[in-house]
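S.K.: Dropping the sequence and predicted coords here.
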Amino acid sequence: MRGRIYIFLLLIFSISYFNCAPDSDNETITAGDLQRLGMLLDADQGFKAFSLADSLLKINSKDRTSENYLKVLHAKGRALEYIVRLEESLKVYSQLLKAANQASNLPMQAQAYLSIVRIDENLGRKADWKRNLQHARTLIQKNELWSVYSEYAVRMASYQRYHGNKDSVFYYGQKAVEFGNRFNDFRNVGDGYFLCGVAEKTDTGKITYFNHSINALKKVDNWYGVAYRYLAIAGINLENKNYTNFKSNVDSLSVYIDKLAGSSFRKERLYELKENYYQLYSDYYLSISRQDSAYIYLLKSKEFLQLSITEKANGAINDEAIDIAIVASEQKNEDLKYLNKVLGIILGTMIIIGLILFFTLRKINKQKRELLTKSDKILQQTGELEVKNHEQKILLSEIHHRVKNNLQLVISILMLKIDEIEDENFRNKLEEITGKIQSMALIHEQLYRVGNFTDIEMASYLTDLVSYMQDIGNQKRKVNMKSFVPDDISLNIDTAIPLGILLIELMNNSFKHADPVEEDLSIYIALNKKTSEYELIYTDNGRSFDGEKAGMGSVLVQSMARQLKGDLVIDTRCGYSVNLTFAQKMVSPLSKIMD
C-alpha cells in the first residue's frame, strides 16, 4: 500500500514539474524562418513550405496573434494552395482573418482577404470573389496599405481578365509592377508583367512583357513561372514561323524543366510542362513538313499526358501518405520531449521509467492500429487505380482499332480512284502510296489484335505485308516471295513503321525495275537478330542493276535507313541485294505505364 502511495506522489510531482517548467520552444519564430518560408513559396516548393510552416505553428502556439505567427499561418495557407488542397487552405485563411482582426493587424487582414480571393477564383465562386476583392480594396485605400497593393493589383487584373476587360487588365498589371518594384515583391512584379503581356495586342509586345516577367521571377527562383513564360513565348514565335527564336525559347524551357525535375516540385505539373514542350516540337516539325519527327514528338507528348493523369490520380494516396508521415513525426517529437524531461527530473527512478514505457507502448500500439486502417484504405485506392488503368488500356486498344479502320478506308478510296485513272504512271504512284499506308495499317491492326501497344511481332507483321504485296505484284507478273523471320523478334512501333515503308519501297522497285533471267520474279526477305542489333536482308533475281533504281525510290530507301540510324549496303552484282544493319530506336515504353 505504501509503495502505491509513493508511486502516486512521484507521479504528482512529475506532472506538477511538467506543467510549471518553462517551454523553451515557445516564441522561436525568427526572421530567418520567415525568410526560408518566403524562398520556398516563391520557388513553388509547396510540400517543403507546408512542413516547415506546420512545425513552426505547433511549437509556437501560445501567442496566436503575434506578427510572426500570423505570417507563418499565411505561409501555411499558401503552401496548401500550391499542393492543391484548396478547401484546407480556405480554412487556414479564415483562421488567419479572425486572428488578424483580434490583433487589429490591418496589413494581415488585407493579405487574408486577397488570399481568399485566390481560392474564390480557383473554385469559381464569382460572388465571393467580387465581394472579398472589395473588402481588400477598402482596407488598402482607407489605411494606405501600399505594401500589399501589388498583390491586390494582380488579383484585380485577373478578375478583369476573367470578364474580358483587356484595358483594365493592362492597367492593373502595370500597377502590380509599379508597387511590386517599390516593395521588392518580385513574384507580383513577374505576374504583373505577364498579365500586361496577356492584354497586349501585338505579338512583339507580348514577348517583351513576358521576358520582363521572366527576369523578375528569376530573382526569386520561381522556375515554374519562368518555364511557363518561355512556353508562351515559344508558342508565339512558332505561330509566326520565327524558327530561330523558337528554338532558343524551347532550349531555355528545357533548362528550367531540368531544374524543376531536380527539385521536389509537384510531379503532375512537371509532366504537364513536358507534355507541352514535346507538343511544341511536334507542331514545329509538322510546320516544316517533317511528319516522321512530328509523330515521334507527338508520342512523347501523349506519354507525359498519361503520366500527368496517372500522377493526379495518385495524388490522393500521396497526400494520405504525407499526412501519416507528419503524424508519426509529430508523435515522435512529442515522445522525445517527454522522455527528456522525465530523465532530467527523476534520473535513476525505475518506477517512473516503467510507467513512461507502459504509456508509450500503449500509444505506439494505438498508432499501429491507425496506420493499419490507413494502409487498408490505400490498398483499396490502389485497386481502384488498377481498374482505371485497365479501362485506359481498353480505350487505347480501341483507338488503334479505329486508326486501322480509318487507314483501310483511305486505302479503299485510293483503290477506287486507281480503277478510274488511265494514266499508267499515275496509277503506279497511287499504288505505291497505298502500299505505304497499308504497311502502317498492318501495324495498328497487330497492336489491336495482340494487345501489346508498343512492340510489333515482326514474323506476323512481315507475313501480312508480304502477302499483301504479292497480291499486287501478281497482277503484273508471276511473283514468288519468301520471307524468314524468327518468332521471337519484336520491334517497337517507332522502328517498325520506317522498316515497313522501306520494305514496301524495295518491293515496288523490284516490281517495276527487276529484269530476271527466268520468267518469274523471285524476292527473298529475312530479318535476323545479331546481339544488340538487327539485320534485314532483301534480294531479288534481277539480272542487272537498272539505272532507274537510283531515282526517288532509292532516295526514300536511304531516308528510311537514316531514320533507323542503320548501315545500308546495296549490291547489284548479282540481282538486287540490300543489307541493312540497325538497332531498335530507344523510346520510353508506354507499356510500363499501362501495365
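M.R.: Received it, and whenever you're ready, just let me know what you need. Keep in mind that this is a model prediction, so the values were computed, not measured. Numbers count the residues shown, from 1 in each chain.
S.K.: Can you tell me the number of residues neighbouring K142?
M.R.: 9 (other CB atoms under 10 Å). Glycine gets a C-beta too; all of them are placed from N, C-alpha and C.
S.K.: Make sure it is indeed in a strand.
M.R.: No: under DSSP: H, G, I helix; E, B strand; the rest coil, K142 falls outside any strand and is assigned helix.
S.K.: Kindly state the pLDDT recorded for it?
M.R.: pLDDT, K142: 93.
S.K.: One more: the one 10 residues further on?
M.R.: Y152 carries a pLDDT value of 93.
S.K.: Likewise for N452?
M.R.: 63.
S.K.: helix or strand for E81, which one?
M.R.: Following DSSP states H and E, the helix or strand that holds E81 is helix 67-82.
S.K.: following that helix, which helix or strand comes up?
M.R.: Following helix 67-82 in sequence, per DSSP H and E, is helix 86-102.
S.K.: hang on, the earlier thing: summarise which helices and strands the helix holding E81 is packed against.
M.R.: Helix 67-82 sits against helix 31-42, helix 46-59, helix 86-102, helix 106-123, with contacts defined as 3 or more CB pairs under 8 Å, 6 or more residues apart in numbering; DSSP states H and E.
S.K.: what distance separates stretch 40-50 from the middle of the whole chain?
M.R.: Its chain's C-alpha centre and that of stretch 40-50 lie 19 Å apart, by CA atoms, centre = their mean, to the nearest Å.
S.K.: Not counting residues beside it along the chain, what's closest to L139?
M.R.: Counting by CB to CB, 6 or more residues apart in numbering, A110 is the residue found nearest to L139 once chain neighbours are left out, at 4.5 Å.
S.K.: F179 versus the one you found, what's the distance?
M.R.: 13 Å (CB to CB, to the nearest Å).
S.K.: neighbour-wise, which of the two wins?
M.R.: Ranked by neighbour count (other CB under 10 Å), A110 and F179 place A110 first, with 25 against 22.
S.K.: tell me the contacts of the more buried one?
M.R.: A136, L139, I140, L145, V148, Y152 (CB atoms under 8 Å, 6 or more residues apart in numbering).
S.K.: For the residue positioned nearest the centre of the chain, give its distance to L298.
M.R.: Closest to where the C-alpha atoms of the chain average out (CA atoms, centre = their mean) is Y271, at 0.8 Å. Using CB to CB, Y271 is found at 16 Å from L298.
S.K.: And I489, by the same measure?
M.R.: 26 Å.
S.K.: can you check G344 too?
M.R.: G344 sits 66 Å away from L298, going by CB to CB.
S.K.: for L70, same thing?
M.R.: 49 Å.
S.K.: Compare those two and say which one has the larger neighbour count.
M.R.: Using other CB under 10 Å as the criterion, L70 and L298 rank with L70 on top: 22 against 18.
S.K.: per-residue confidence at the more buried one?
M.R.: Predicted confidence (pLDDT) for L70: 88.
S.K.: what does W146 give?
M.R.: 93.
S.K.: same question for stretch 166-184, mean pLDDT?
M.R.: Computed over stretch 166-184, the average pLDDT equals 93.
S.K.: What lies in contact with it?
M.R.: 146-147, 149-151, 153-154, 156-157, 160-161, 185-189, 191-196, 198-201, 212, 216.
S.K.: let's go with 7 Å and repeat that
M.R.: With CB atoms under 7 Å, 6 or more residues apart in numbering as the test, stretch 166-184 has contacts from 146-147, 149-150, 153-154, 156-157, 160-161, 186, 188-189, 191-193, 195-196, 198-199.
S.K.: in stretch 172-182, what counts as buried?
M.R.: Residues of stretch 172-182 classed as buried: Y172, G173, Q174, K175, A176, V177, F179, G180 (neighbour count, 16 or more other CB atoms under 10 Å).
S.K.: for stretch 573-585, same thing?
M.R.: So for stretch 573-585, counting by 16+ other CB under 10 Å, buried means G575, Y576, S577, V578, L580, T581, F582, Q584, K585.
S.K.: Now go through those and say which are in strands.
M.R.: Y576, S577, V578, L580, T581, F582 (DSSP state E).
S.K.: what's the closest non-adjacent residue to D292?
M.R.: D292 sits nearest to Q563 (CB to CB, 6+ apart), 6.2 Å away.
S.K.: P498 versus the one you found, what's the distance?
M.R.: From Q563 over to P498 the distance is 5 Å, taken as CB to CB.
S.K.: what's the overlap in contacts for these two?
M.R.: By CB under 7 Å, 6+ apart, no residue touches both Q563 and P498.
S.K.: give me the number of residues near the residue nearest to D487 when sequence neighbours are not counted?
M.R.: Of all residues not flanking D487 in the chain, A459 sits nearest, at 5.1 Å (CB to CB, 6+ apart). Using other CB under 10 Å, A459 has 17 neighbouring residues.
S.K.: Could you do Y285 as well?
M.R.: 18.
S.K.: does it count as helix, strand or coil?
M.R.: Quick answer, by three-state DSSP: Y285 is helix.
S.K.: pretty sure it is touching D292, no?
M.R.: No: judged on CB atoms under 7 Å, Y285 makes no contact with D292 at a distance of 8.2 Å.
S.K.: shared neighbours of these two, which are they?
M.R.: With contacts taken as CB under 7 Å, 6+ apart, not a single residue reaches both Y285 and D292.
S.K.: Which stretches in the stretch 401-550 of the chain count as strands?
M.R.: Using DSSP state E, counting those that start in this stretch, the strands of the stretch 401-550 of the chain run over 455-457, 479-484, 490-492, 521-530, 533-540.
S.K.: looking at these, which is closest to K259?
M.R.: strand 490-492 (30.5 Å; CB to CB).
S.K.: Partner strands of the closest one and their direction?
M.R.: Sheet partners assigned to strand 490-492 using DSSP bridges are listed as strand 455-457 (antiparallel).
S.K.: Show me how far the strand it pairs with is from its chain's centre.
M.R.: Strand 455-457 sits 27 Å away from the centroid of its parent chain (CA atoms, centre = their mean).
S.K.: repeat for stretch 187-204
M.R.: 25 Å.
S.K.: contact partners of that stretch?
M.R.: Residues contacting stretch 187-204 (CB under 7 Å, 6+ apart): 42, 150-151, 153-154, 157, 161, 166, 169-170, 173-174, 176-177, 180-181, 206, 209-210, 212-213, 216-217, 220, 222, 225, 229, 236, 240.
S.K.: Give me the phi and psi for the residue nearest to D292.
M.R.: Backbone torsions of Q563, given as degrees, to the nearest 10, read phi -60, psi -30.
S.K.: pretty sure it contacts Q291?
M.R.: No: the pair Q563 / Q291 is not scored as a contact, 11.4 Å apart, by CB under 7 Å.
S.K.: Neighbour count for those two, which is higher?
M.R.: Neighbours were counted for Q563 and for Q291 using other CB under 10 Å; Q563 has more, 20 against 12.
S.K.: What does the pLDDT read for the more buried one?
M.R.: 90.
S.K.: how much space between it and L580?
M.R.: To L580, Q563 is 11 Å away according to CB to CB.
S.K.: do V72 as well
M.R.: 65 Å.
S.K.: Repeat that for K91.
M.R.: Taken as CB to CB, the span from K91 to L580 is 65 Å.
S.K.: what's in contact with the host helix or strand of S248?
M.R.: Using DSSP H and E, S248 maps to helix 243-261. Helix 243-261 has contacts (CB under 7 Å, 6+ apart) with 223-224, 226-227, 230-231, 233-234, 237-238, 270, 273-274, 277, 280-281, 284.
S.K.: Going by neighbour count, list what's buried in it.
M.R.: For helix 243-261, using 16+ other CB under 10 Å, the buried residues are F246, N249, V250, S252, L253, Y256, I257, K259, L260.
S.K.: what's the closest of those to S115?
M.R.: L260 (24.2 Å).
S.K.: Can you tell me how far the closest one is from D455?
M.R.: From L260 to D455 the distance is 32 Å (CB to CB).
S.K.: Please apply the same query to L372.
M.R.: 41 Å.
S.K.: What of G348?
M.R.: Distance of G348 to D455, computed by CB to CB: 70 Å.
S.K.: Having no further points to raise, I will conclude here.
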